[in-house]
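Q: when you get a sec, could you give me coordinates for this:
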Amino acid sequence: MLILIGFGILLFTMGILNHYFYRTYTYDYANFNFSLWDWAHFRMRPINISPGNLLQEHFSFTLMYFVPIYWLMNWITQTYTLILIQYTLVLIAGWYCYKIIKLKTDNLWLGVGILVYYFTLLGRYTTFAADFNLAVISACFIPIFIYYFEKRKYLISLVILILSLFSRENISIWFVFIFIVLIIEHRKDKKAVLYSLIGIAISIIYFILLFKIFIPSVESSEKSYTLFEYSALGATPGEAFTYIIKNPIESTKLFFTNHLSDPAYDGIKAELYWVYLISGGFVLFLRPQYLIWFIPIVAQKVLNDNPFRWGIATYYSIEIVTLLPLSVFLVLSSIKSKSIQIGLTIAVCIATIFMTIYKLDAKNNRVPGYLFLSKQKFYDKSFFTPPFNIKGVNNLLKQIPPNAKVCGSNILLPHLAQRQFIYFFPDVRDAEYIVFSVFDDNYLFSHEINEQNRINYLSDPNWKIVAKEFPVFLLKLKGTSNTDEIKVNNKWNLSDTLFCNYEKIDTLKRTILFENNQKADTLIYLTSEKSHSESHSLKLTGESPFNTSIRMKDIDRIAYLQISAWCYCEEKHANIVASSGKVFYISSNTYAEEVPSGWKKIVLNFWVPKELDPNDFSVYLWNSGSKPIYFDDLQVIKKYIE
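A: Numbering: from 1, shown residues only. So this is what the prediction gives:
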């Protein structure tokens, strides 16, 4: 109980703090919050921030199970409700893993071990990147089902089976393999074998009905089912099944090789296997039958067309870390020597803890950019560091009436999603309020498109800025609601403009100067081969891809930067970059303008985060390709808010 309570406090704290610190996202947490609110009000409308309704995205009725909890708790827990539900179920699933081992053996070490192991696996923490997900919920049903099956309470296990099948579309195939393992385990128990065969039949029939009738019935011209993405196997589940039967060797190879053309994805599948083999998976080779029920859940990962799903990132390993504790400790419970049991239990738990800590460090990951470590690494001080004044932003959001139509940016919309009309900025539609953080991009668009939309609405006379808690702005459409307008001073004061056409040179110091005589670059990059204006430009090559950084000692006073440069290149390898160590990084290769001569203007606009180190902040040009790129007419505009 102490282990369960201790890890329960940790999981709830992590989930709650991620939401409280505005680290939950529109996709998927705002989607799920909107759908829970909508279903609780007996509606199933299309989600305005995503094409179609939730059933068209995942054929799952899981949120319907929680409608009573919504009416019981949501008046207190509000947009935290789903987080609390999810991690309550994770704790329950862990408790049932313990109960299964207790049912099999009275060894205290194994009971303690499975709980420690269950709560320290890497996938338990990478899941926090996804906030809330149906895959996490559906996986929690499996230990509960297995426990009641082992207890011979077949009616209860049947109810859990049905709830599981309705929870997510991949569960039916998974259960076929779970029942195969149960048949092997209980091959001498005719009743258990019979019920397992019936379970296989139910699962297969439901799978056929799901893809032949149920899913097609909810598809529309606006939204069709798109989650079957296994082009290496076929276009449909039927084609995939046929390919696997006809090509077993090639199908097996796909589990281990990069089946896409991009070599950047090499090694992602191998990392997945090594992480979980070292984290106790090696024990399964003592009882290979437990490898069987991993086949479908591993296949759905590593055979997918999206390499993001192959590896250890986010919730894509949740089924593995739900079944692995049971599998490992069922094997350990079958070992007759108590000393070997205890030794392997300790070894497995220690190896898992070290592997989890090791892989929660960005530099130790095959694809670190996908891990969202700020949401998972709970022992790092950055986890407890809010991105802005939380109390101020909370007060700002309270100014939005509960029935108002709201358009919000990525990290703000999850806190506003339990209402009838929500939109994902910059899709404003008929919204009455817009709220966004100037550092918060809609991932569907480039930063420059997001930034241009923010600037457009901030300067639009039809929209009034009614509150500001930097970096968050609240705008109201004029003539709507009766909220008192707050005067927010947003007057720009153009403090400084730096311009360099690479013609002004200090020959003694061998430097290129801005028009105000500030150093812009060094002579080693200067060339007369091409130019946008006059006779010189800057040349960067694959061997020398970066120019000399421009330092800004007054960065602590700058509110906004507009940086532009003209470039001459064949592909989009010309970049403007601004960075400050590990704290801040932003770049752009977006073309804002192009002339017949082949020169293109790239632009980087951004709000400057507060408290950047002036000694560590720099702006520079970057050639990310191998062919030479020419830059000319560099301009840096610094802006302040009075």
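
Q: so, low pLDDT: which residues of the chain?
A: Residue ranges of the chain with pLDDT under 70: 51, 221-227, 368-371, 480-495, 641-642.

Q: quick one: strands adjacent to the longest strand belonging to it?
A: Counting residues, the longest strand found in the chain (DSSP state E) is strand 629-641. Next to strand 629-641 in the sheet, as set by DSSP bridges, lie strand 492-500 (antiparallel), strand 537-540 (antiparallel), strand 560-568 (antiparallel).

Q: quick check: phi and psi at the residue nearest to Ser564 when sequence neighbours are not counted.
A: Of all residues not flanking Ser564 in the chain, Val603 sits nearest, at 4.6 Å (Cβ to Cβ, 6 or more residues apart in numbering). For every residue, glycine as well, the C-beta is placed using N, CA and C. Here is the backbone geometry of Val603 (degrees, to the nearest 10): phi -130, psi 140.

Q: please parse this protein into its domains.
A: 2-375, 390-490, 493-641 (automatic domain parsing).

Q: how far away is Phe21 from Phe473?
A: Counting by Cβ to Cβ, to the nearest Å, the gap from Phe21 to Phe473 is 19 Å.

Q: more neighbours, these two?
A: Phe473 (23 against 18; other Cβ atoms under 10 Å).

Q: before we move on, which element is the more buried one in?
A: strand 472-477 (DSSP states H and E).

Q: quick one: list the elements packing against that strand.
A: Counting contacts by 3 or more Cβ pairs under 8 Å, 6 or more residues apart in numbering; DSSP states H and E, strand 472-477 packs against helix 390-398, strand 433-437, helix 447-459, strand 463-469.

Q: can I get the CA coordinates of the longest one in PDB?
A: Which is helix 447-459. Provided in PDB are the C-alpha atoms of helix 447-459 (Å, rounded to 0.1, in the frame of the first residue of the first chain):
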ATOM      1  CA  HIS A 447       6.000  29.900 -36.900                       C
ATOM      2  CA  GLU A 448       5.900  32.800 -39.400                       C
ATOM      3  CA  ILE A 449       2.300  32.100 -40.300                       C
ATOM      4  CA  ASN A 450       1.400  31.900 -36.600                       C
ATOM      5  CA  GLU A 451       3.300  35.100 -35.800                       C
ATOM      6  CA  GLN A 452       1.700  37.000 -38.700                       C
ATOM      7  CA  ASN A 453      -1.800  36.000 -37.500                       C
ATOM      8  CA  ARG A 454      -1.000  37.100 -34.000                       C
ATOM      9  CA  ILE A 455       0.300  40.500 -35.200                       C
ATOM     10  CA  ASN A 456      -2.800  40.900 -37.500                       C
ATOM     11  CA  TYR A 457      -5.200  40.400 -34.700                       C
ATOM     12  CA  LEU A 458      -3.300  42.600 -32.200                       C
ATOM     13  CA  SER A 459      -3.500  45.400 -34.700                       C
END
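
Q: what's the burial count for Ser339?
A: 8.

Q: so for stretch 332-340, what gets flagged as buried?
A: Leu332, Ser333, Ile335 (16 or more other Cβ atoms under 10 Å).

Q: oh, I was asking about stretch 575-590
A: Here stretch 575-590 shows Asn575, Ile576, Val577, Ala578, Ser579, Ser580, Phe584, Ile586, Ser587, Ser588, Asn589, Thr590 as buried, counting by 16+ other Cβ under 10 Å.

Q: wait, isn't the fourth one in contact with Phe606?
A: This means Ala578. Yes - using Cβ atoms under 8 Å, Ala578 is in contact with Phe606, at 6.8 Å.

Q: got any residues that touch both of these two?
A: Residues within reach of Ala578 and of Phe606 at once, by Cβ atoms under 8 Å, 6 or more residues apart in numbering, are Leu561, Ile586.
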